[in-house]
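Engineer: give me the fold of what follows.
(3 chains)
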Amino acid sequence: MAKPNPEDRGYSREHEWAKDGGDGTVTVGITDFAQEMLTDIVYVELPAPGRKVKREDPFAVVESVKSVSDIFAPVGGEVIAVNGDLEEKPELINRDAFNTGWIAVIRMDDPGELALLMTAGEYQAFIEAENA
Amino acid sequence: MELLFEKSRPGRRAFEVPQSDVPEVPLEDLLPPGLLRDDTELPELAEIDVIRHYTHLSRRNFGVDLGFYPLGSCTMKYNPKINEDVAGLPGFVSLHPYAPPPFSQGNLQLLFELERYLSEIFGMAAFSLQPAAGAHGELTGVMMIRKYFEKKGEKRTRILIPDSAHGTNPASGALCGFQVVTVPSNPEGNVDLERLDALLGEDVAGLMLTNPNTLGLFERNVAEVADRLHRKGALLYGDGANANAFLGKVRPGDLGFDVIQLNLHKTFSTPHGSGGPGSGPVGVGDTLLPFLPVPRVGEEGGVFRWMEDFPDSIGRVRAFCGNFNVMVKAYAYIRSLGAAGLRRTSEIAILNANYIRKRLHPYFDLPYDRICMHECVFSGRRQVREGEVHTVDMAKRLMDFGFHPPTIYFPLIVPEAIMIEPTETESKETLDAFCDAMIAIAREARENPGMVKSAPHGTPVKRLDEVRAARQPDVTWTGRKEK
Amino acid sequence: MDYIPHTPADERAMLEFIGLPALDALFQDIPEKYVLKRLLDLPPPLTELETAMAMKGLAERNQRPLMTLMGAGAYDHYIPAAVRHVLSRSEFYTAYTPYQAEISQGILQAIYEYQTMIAGLTGTAVANASMYDGASAMAEGAVLAARSLGRGKIAVARTVHPEYRRVIGTYGWANGLEIMDIPYVETGRVDGAAMARMVNGETAAVLVQSPNFFGVVEDLAPLVASAHSQGALVIAGFSDATSLGLLVPPGALGADMVAGEGQAFGNPLNFGGPYLGILAASASFLRKIPGRIAGGTVDREGNRGFVLTLQTREQHIRREKATSNICSNESLCALAAAVYLASVGKNLRDLAVLNVRKAAYFRSRATDKNGFEPLFCAPVYNEFALKCPDPRGINEALENEGIIGGYLLEKEYPELQGALLFCATETLTKNDIDRAVSIMHRAAG
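Structural biologist: Model (predicted):
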């Protein structure tokens, strides 16, 4: 059973979350539902800090034993930090996708893009519909 | 079991270097010491150590000579021993690839005739025997397609690939600079003609089609597909991995394929060698003939020679002429079987696959309920529902029954896929024993799922932790003592 | 002989069970107009006895040479008997790729050991389980370098094997890379100064070979420094793997990847294949290097075991994002190499030294006549280029005595007229060499 989706952030159709830092930046990661689908994560390919991304650009890669998945930027901007802990411990995403399993911090080009994301409730409905 | 390095003891030797019969000029006069290394870290073993080590290792390995491999798409047929013997004849084994033609007429004749036989079997104009494996042949085929359009001055950037394709297909397309576009299959498991039409723009170089496809189903509309492509100036590439289904029955060249690659280690019985070497000849129709790799073998007045003068050739994809020793075995196989034997091969391969399909149908979900060709695809979904038992668990449990598992989780369009290809060299008794085992496991999945989920039980090692292997890669032994 | 066990009774029983009248009914999906109505036009089938005779006849249409004086990418080394015996274990040669690890521990452990030995010999952190051959190993290394760095130019030394360069050219064209040729100097080595002028921030990799095609041992360290100063990677190749037993490993000199031919380790000449591509690299390439890799792990009871790992690099998972499409490799040839290395062990160095001495003797005897001179003065391993009068005539004289002569250099190097490339391994005796030289000298008049 996936953990409940925190209310304090927005969600994309590709199962990423973006949490507003209140200072023009967002922290992004993937949802608990996504990590369950991926099963044991063995490696995370993180973007280099300084990289510029547009909304929905693939900007990181998550590998499990049997699959590779692109992670898409939920908002556009500049990557200003990445979670170095994931290099040694990719399993952080499996254990705690919403907190210590964060992937990157992006300084937004256009904070308006946050409104394009789903709320926790909308995301829950979305995944239930997809898997009916 | 210990590693070679753990058995190593200083001073032990399995091999002696003869005394030099030429003057022992001081090494530093020949090579400056700065160019020379310290000692190597190679192990020190006696010959008995080496032989026991590898003999024990071989006993921890499954092979066709031990049991059945129902691996879909791999055509794990029996490897005739006479082929191994003739491939070991000194005349074939000991010649240098650059031996002048007077020394190598036998080899050149073999290459020439093998090319002729394959051209006849598959209805193509000519073959290159250079690619070292099926994927290599694919890459060569896609390169030829690219060169063709370059020469024509047409900018075609996209290549179409069905969603059921083997992973080497999109990889080869991408490696040649094409943008890969996926074509969906229809509910019968064939290429969806309407979707194909929608995708067939002037920028499409071709479609890569496996026929029969990875569901074991013949593309009923293949000639129609070829026609639509050709009318748009595009080409049809055939992945010949499943050729065991149609030898002597139909020829890809007649169906309109412009280029196909084969796998000698599948259809033509050469051994898989635990992963290789294979051989992936690539055949072409007249359209792509000028672009074949060089050199090729020509014949004049019964004398064979190398020919290099093909200005539009894509060049070389490997050094020398290809995996020659593998070709010797395939050649001997074709000579042994003849036309009648090849045709019977496909007939019985298909008979065997349909027999399994009929026996297992009551117990496993069959996504495409129609006559299959040389392989059939089931889904393990029912067992997931009934006991949370997944295809991978059932595969591991099969090992306890003495069988190698079938291909699993491929093709991607079937969830919990189980792809079974028996080949023609397996007897009815073997097929029945396999089906009995599969049925027993299906019952276990309902009544005793734990047994299946914790399988295998009877193997030298139990289920291995692949996650750990990927998270903490250990790819060379660094001398750490075993815990 | 078709190796099909089914009797007519088996066929009938199975057709009845399936519910079909005859075998033809199984082919109903093939459109009628394309079904072959004739038998394929092939020679008639043969019994095993007849197959044996036919193949023997073909093999005998070849001429077994008394000796082979050529290397040029394929080397006539002695193969210890143990190699053939291990390779004839059908648990190894009739096995499939070890995706199902629990019943493939034999080959997986053997490959892990092979990777370890190759990494040690090349001075690298990771070696894969094989590529097709030295040429495609170098080519795939170049493609990987270009993709990793996002740069589009590759500089290749002209002293790399000509066929390897062609394959690199083909792969480079397919990937939209620009290939630049690095010239060599009169010593027979890479022109380091020209290389430094050529390599810049757009160069993904520099490809060199040592010992190079002329048999010359390169001084790799300054070339590596020069390439690295521009951020370019260095891919160092080789074609006689036994040289790794004696020369400083390229990895230790800073090469980022080592890509070469492993045929010399336990694989016969085989008229050109199957051979063994060796690809090894520094640790940073672990997750990018193409091909299969065996990795150590444990099973659920804590026992050591091996699996194919990091498979997400490979085509069957990454599909169009894979950096290579390689699937079947040269596994059994890698096993031969492993058994060879396990048998020869630390004596590999002495074996390599013997090669060097044999070639030095050959060269000194051959040049002991007017008109015969070494073409290059830099140190060589077991091959050397010989300037000689009428190289074609010399080879013809050798061939008339059943000897395969030297490689005619002007074919691929038009600027090197009148020169042959010779090789001497441990399989040539002093008498063989003396005899060959006397034929060569006599032919020159």
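Engineer: surely residue B:374 and residue B:421 touch.
Structural biologist: Yes - the pair residue B:374 / residue B:421 is scored as a contact, 5.8 Å apart, by CB atoms under 8 Å. (C-beta placed from N, C-alpha, C; glycine too.)
Engineer: need the residues touching each of these two.
Structural biologist: B:75, B:216, B:244, B:349, B:353 (CB atoms under 8 Å, 6 or more residues apart in numbering or on different chains).
Engineer: filter the residues you listed down to the ones in helices?
Structural biologist: B:349, B:353 (DSSP state H).
Engineer: closest to chain A out of the shared contacts of residue B:374 and residue B:421?
Structural biologist: residue B:216 (22.6 Å; CB to the nearest CB).
Engineer: is any residue of stretch A:83-94 near chain B?
Structural biologist: Yes - Stretch A:83-94 lies within reach of chain B by CB under 8 Å from any CB of the partner chain, at A:90-91.
Engineer: start and end of that stretch, how far apart?
Structural biologist: 14 Å (CA to CA, to the nearest Å).
Engineer: can you map out the helices along the chain?
Structural biologist: All of this refers to chain A. Going by DSSP H, chain A shows helices at A:32-38, A:85-88, A:91-95, A:120-130.
Engineer: let's do chain C instead
Structural biologist: Counting by DSSP H, chain C has helices at residues C:8-18, C:48-60, C:81-87, C:90-93, C:105-122, C:134-149, C:162-174, C:192-198, C:220-229, C:315-318, C:331-344, C:348-366, C:391-400, C:430-443.
Engineer: just the stretch 151-300 of chain B next, same as before
Structural biologist: B:168-175, B:193-199, B:222-231, B:252-255 (DSSP state H, counting those that start in this stretch).
Engineer: check which residues of the second one are buried.
Structural biologist: The one in question is helix B:193-199. Buried positions in helix B:193-199, judged by neighbour count with 16 or more other CB atoms under 10 Å in any protein chain shown: B:196, B:199.
Engineer: run a quick neighbour tally on the residue of the stretch 51-200 of chain C found nearest chain A.
Structural biologist: Closest to chain A within the stretch 51-200 of chain C is residue C:99: 11.0 Å, counting by CB to the nearest CB. As a burial measure, residue C:99 scores 18 neighbours (other CB atoms under 10 Å in any protein chain shown).
Engineer: which residues does the closest residue to it other than its chain neighbours bridge with?
Structural biologist: Distances taken as CB to CB, 6 or more residues apart in numbering or on different chains put residue C:308 closest to residue C:99, at 6.3 Å, once the chain neighbours are dropped. Assessed by DSSP bridges, residue C:308 has beta-bridge partners residue C:294.
Engineer: using CSV, lay out the shared contacts of residue B:374 and residue B:421 together with neighbour count.
Structural biologist: Formatted as CSV, the shared contacts of residue B:374 and residue B:421 follow (neighbours: other CB atoms under 10 Å in any protein chain shown):
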residue, neighbour count
B:75, 27
B:216, 28
B:244, 28
B:349, 29
B:353, 28
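Engineer: out of the shared contacts of residue B:374 and residue B:421, which touch chain A?
Structural biologist: Answer for these near chain A: none qualify (CB under 8 Å from any CB).
Engineer: where's the dip in pLDDT among the shared contacts of residue B:374 and residue B:421?
Structural biologist: Scanning the shared contacts of residue B:374 and residue B:421 for pLDDT, the low point is residue B:216. It has 87.
Engineer: okay, residue 49: pLDDT?
Structural biologist: This is for chain A. Among the per-residue scores, residue A:49 holds a pLDDT of 91.
Engineer: oops, chain B please
Structural biologist: 97.
Engineer: my read: it touches residue B:5, true?
Structural biologist: No - checked against CB under 8 Å, the pair residue B:49 and residue B:5 is beyond contact range at 11.6 Å.
Engineer: can you get me a residue count around the closest residue to chain B within chain A?
Structural biologist: Proximity of chain A to chain B (CB to the nearest CB) peaks at residue A:42, 3.5 Å away. Look at residue A:42: counted by other CB under 10 Å, it has 25 neighbours.
Engineer: the nearest residue to it once chain neighbours are set aside: neighbour count?
Structural biologist: Distances taken as CB to CB, 6+ apart place residue B:470 nearest to residue A:42, at 3.5 Å, with adjacent residues excluded. Using other CB under 10 Å, residue B:470 has 25 neighbouring residues.
Engineer: over to residue A:62?
Structural biologist: Residues lying near residue A:62 (other CB under 10 Å) number 23.
Engineer: can you list the strands that the strand ranked longest in chain B pairs with?
Structural biologist: In chain B, ranked by residue count with DSSP state E as the criterion, the top strand is strand B:204-210. Strand pairing for strand B:204-210, determined by DSSP bridges: strand B:158-162 (parallel), strand B:235-239 (parallel).
Engineer: export those strands to TSV and tack on distance to residue A:51 and mean neighbour count?
Structural biologist: Output for the strands paired with strand B:204-210, formatted as TSV (distance: least, CB to CB, whole Å; neighbours: other CB atoms under 10 Å in any protein chain shown):
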stretch	distance to residue A:51	mean neighbour count
strand B:158-162	28	24
strand B:235-239	36	28
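Engineer: would TSV of those with mean pLDDT and distance to residue A:56 be doable?
Structural biologist: Converted to TSV, those look like this (pLDDT from 0 to 100; distance: least, CB to CB, whole Å):
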stretch	mean pLDDT	distance to residue A:56
strand B:158-162	94	22
strand B:235-239	96	32
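Engineer: count the residues that sit near residue 2.
Structural biologist: Went with chain A since none was named. Neighbours of residue A:2 (other CB under 10 Å): 14.
Engineer: switch to chain C, that's the one I care about
Structural biologist: By other CB under 10 Å, the residues close to residue C:2 number 20.
Engineer: and it, its phi and psi?
Structural biologist: For residue C:2, the backbone dihedrals (degrees, to the nearest 10) come out as phi -110, psi 0.
Engineer: residue B:122 now?
Structural biologist: Torsion angles, degrees, to the nearest 10, at residue B:122: phi -110, psi 0.
Engineer: lowest-confidence helix or strand of chain C?
Structural biologist: Within chain C, no helix or strand scores below helix C:315-318, which has a mean of 62 by mean pLDDT, DSSP states H and E.
Engineer: go on, chain A?
Structural biologist: Sorting the helices and strands of chain A by mean pLDDT, DSSP H and E puts strand A:68-72 at the bottom, at a mean of 87.
Engineer: parallel or antiparallel, which strands does that strand pair with?
Structural biologist: strand A:58-64 (antiparallel).
Engineer: so what's the residue of the stretch 151-300 of chain C at minimum distance from chain B up against?
Structural biologist: As assessed by CB to the nearest CB, chain B sits closest to residue C:272 within the stretch 151-300 of chain C, at 2.9 Å. Residue C:272 makes contact with B:97, B:319-322, B:324, C:74, according to CB under 8 Å, 6+ apart.
Engineer: mind redoing it with 7 Å?
Structural biologist: B:97, B:320-322, B:324, C:74 (CB atoms under 7 Å, 6 or more residues apart in numbering or on different chains).
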